[in-house]
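[1] sequence first, then the predicted structure, then my questions.
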Amino acid sequence: MTSRAPAPGGGLAVPPAGPQAMPPGAPPGRSTAWAEGVERLRAAATTEPGRLRIIGAALAALVLLFGAVAVGEISGRSAAADDVVGRSQPLSADAASIYRSLADADTASSSGFLLGATDEREVRQRYEKDIANASRLLVSAAANTGGSDDARAQITLLSEQLPRYTGLVEQARAANRQGLPLGGAYLRYANEQMTTQLLPAAERLYEAETGRLYRDYDDARSWPLASLAAGLVALGALAWAQRRDYRRTNRVFNHGLLAATAASVVVLLWLAVGHTVARSSLSEARAQGQESLKVLNDARIASLQARAGENLTLIARGAVLAEDKKSDKYDVDFTTNMKALDAGLATALRLADDEAGRAPVTRAADGVKQWKQRHTAAREADLKGDYEAALPQVVGDKDHKDSSGAAFDVVDASLEQAVAHEQQEFTGAARDGLGALGGLLTGTAVLVVVGAAAALLGIGRRLSEYR
């Protein structure tokens, strides 16, 4: 034995402070919780029961992960499809109605001016109805347009300029009733404000709302790729676990793992089929509904602006020239809008997918042919200086027969019917798309919980054999 040297003054010498000798194999420092967990897993993996516990936990986690990703993607696409049906398309339709109401109000105001003292009550009521409808829809759009800065800016502009327009129309009407030529000037100023400020703002609002509708379409139709990938990974893991179980036990089926696989397959197929049906219905709603609606709305607005130009040609009597300084501005506007109307009707006829959709478009096209013929006759009389002969050919007699105005009424009524039909087509197809996703959210959540529990039970049954 080794004895300690006596310290000065008696007693034993104390060893100097320093690192104590560690037992062989001891870790150099205290291990972390993560390191301890990894060590336990490593130790568990060396035994079959430990490996089974790890496999069971991994399978349950993968199935639940598949469910969580699927629920998240389904929720987003269902919300987008619901927005298409209940928010963005109605807002787009309202914006189109604002646009149409303003154009129709401008047409009605010029028609009333031409009628003069015989300003028919029906024409006046049409103008007032258009202004009231545009005002009401602007209030609704302001409350529901959401976070679109562009849409809000156009709504503000329209709300500010509309009272100024109606004020000019009232001044024109009052002057015209008194037989003052100043009335025509006021009406031209009103039309200029409509065509340079109100209608462009309404068109931009329509484009902004339609752009949001198309974004909702794209969100609702996008494939849930992450969900499909997670489902395939979960199924692959379940297949591997069952193959491993078969090779080690020669048992063909593990009921728990089989149930988990069945639940995952049902969710994956439901997700794929449901989204395929929803995507198809939404594509139909866009191609055969919304696209037709856009074309028809544009055609209807072109017809209204053409009619306003026709009326103003008579009202201005050559006082306003086109850019070439030779032609009548309003007659040039009429020709331009009629070309747009012809092109729109041709496109609408091509997009119509049934007889109910084609018939009103065909009637509108026939009405346009009559309109052009009657306009040509009225224009010839006006160019000869025979205003009294031209006027009834534009506004018609007491019954509005055999006039360009009567032909315009046929065109407008036919386009209104076509728009109503395509709106119905859109709504039906879009609701079918939304319905295809119905129940998928709840069904997925329930099935993945069942699948995860079944996977744990299946592995638990194997573990019980080791007790």
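    Done, it's in.
[2] just the mean pLDDT for stretch 113-133, thanks.
    Over the span of stretch 113-133, the pLDDT mean works out to 81.
[3] now do that stretch: everything it contacts.
    Contacts to stretch 113-133, defined as C-beta atoms under 8 Å, 6 or more residues apart in numbering, come from residues 97, 101-102, 104-105, 108-109, 111-112, 162, 166, 169, 172-173, 176-177, 183-184, 187, 311, 314-315, 391, 394-395. From N, CA and C alone the C-beta is placed, and that goes for glycine too.
[4] next one: stretch 411-428
    Contacting residues not belonging to stretch 411-428 are listed as 85, 89, 93, 285, 288-290, 292-293, 296-297, 299-300, 303-304, 341, 348, 352-353, 356-357, 360-361, 363-364, 367-368, 371 [C-beta under 8 Å, 6+ apart].
[5] could you pick out the buried ones from the contacts of stretch 113-133?
    Among these, the ones that count as buried by 16 or more other C-beta atoms under 10 Å are 97, 101-102, 104-105, 108-109, 111-112, 162, 166, 169, 172-173, 176, 183-184, 187, 311, 314-315, 391, 394-395.
[6] helices - which of these land there?
    When DSSP state H is applied, the buried ones among the contacts of stretch 113-133 are split such that 97, 101-102, 104-105, 108-109, 111-112, 162, 166, 169, 172-173, 176, 183-184, 187, 311, 314-315, 391, 394-395 fall in helices.
[7] the residue nearest to the spatial centre of the chain and Ala79, how far apart?
    A centroid search over the chain (C-alpha atoms, centre = their mean) returns Leu213, at 2.0 Å, as the residue closest to the centre. Relative to Ala79, Leu213 is positioned 14 Å away (criterion: C-beta to C-beta, to the nearest Å).
[8] buried residues, the lengthiest helix in the chain. List them.
    Among all segments of the chain classified by DSSP H, the helix with the greatest residue count is helix 48-83. Along helix 48-83, the positions that meet the burial threshold by neighbour count (16+ other C-beta under 10 Å) are 50, 52-53, 55-56, 59-60, 62-67, 69-71, 73-74, 77-78, 80-83.
[9] for it, packing partners?
    Using 3 or more C-beta pairs under 8 Å, 6 or more residues apart in numbering; DSSP states H and E as the contact definition, the elements that helix 48-83 packs against are helix 33-44, helix 199-221, helix 225-249, helix 255-284, helix 404-436, helix 440-463.
[10] re the thing from before, out of the contacts of stretch 411-428, which are buried?
    The neighbour-count test (16+ other C-beta under 10 Å) applied to these identifies 85, 89, 93, 285, 288-290, 292-293, 296-297, 299-300, 303-304, 341, 348, 352, 357, 360-361, 363-364, 367-368, 371 as buried.
[11] filter those residues down to the ones in helices?
    Helix and strand membership here follows DSSP H; of the buried ones among the contacts of stretch 411-428, those in helices are 89, 93, 292-293, 296-297, 299-300, 303-304, 341, 348, 357, 360-361, 363-364, 367-368, 371.
[12] quick check: phi and psi on Leu321?
    With angles defined as degrees, to the nearest 10, Leu321 shows backbone torsions of phi -100, psi 160.
[13] next one: the one 5 residues further on
    Note on Lys326: backbone dihedrals following degrees, to the nearest 10 are phi -120, psi -40.
[14] how far away is it from Val332?
    With distances taken as C-beta to C-beta, Lys326 is found 10 Å from Val332.
[15] of those two, which one has the most company?
    Neighbours per residue, other C-beta atoms under 10 Å: of Lys326 and Val332, the larger number sits with Val332, 17 against 8.
[16] thought Leu321 was touching the more buried one, still the case?
    No: using C-beta atoms under 8 Å as the test, Val332 is too far from Leu321 to be in contact (9.2 Å).
[17] neighbours of Lys329, how many?
    Here the count is done by other C-beta under 10 Å, and Lys329 has 19 residues near it.
[18] quick thing: my sequence starts at 52, can you match it?
    Okay, using 52 as the starting number, the last item reads as Lys380.
[19] next one: it from Trp85, what distance?
    Between Lys380 and Trp85 the distance, using C-beta to C-beta, works out to 80 Å.
[20] same thing with Ala481?
    Ala481 sits 51 Å away from Trp85, going by C-beta to C-beta.
[21] of the two, who's got more company?
    A direct count of neighbours by other C-beta under 10 Å for Ala481 and Trp85 places Ala481 higher, at 26 against 8.
[22] per-residue confidence at the more buried one?
    For Ala481, the model assigns a pLDDT of 89.
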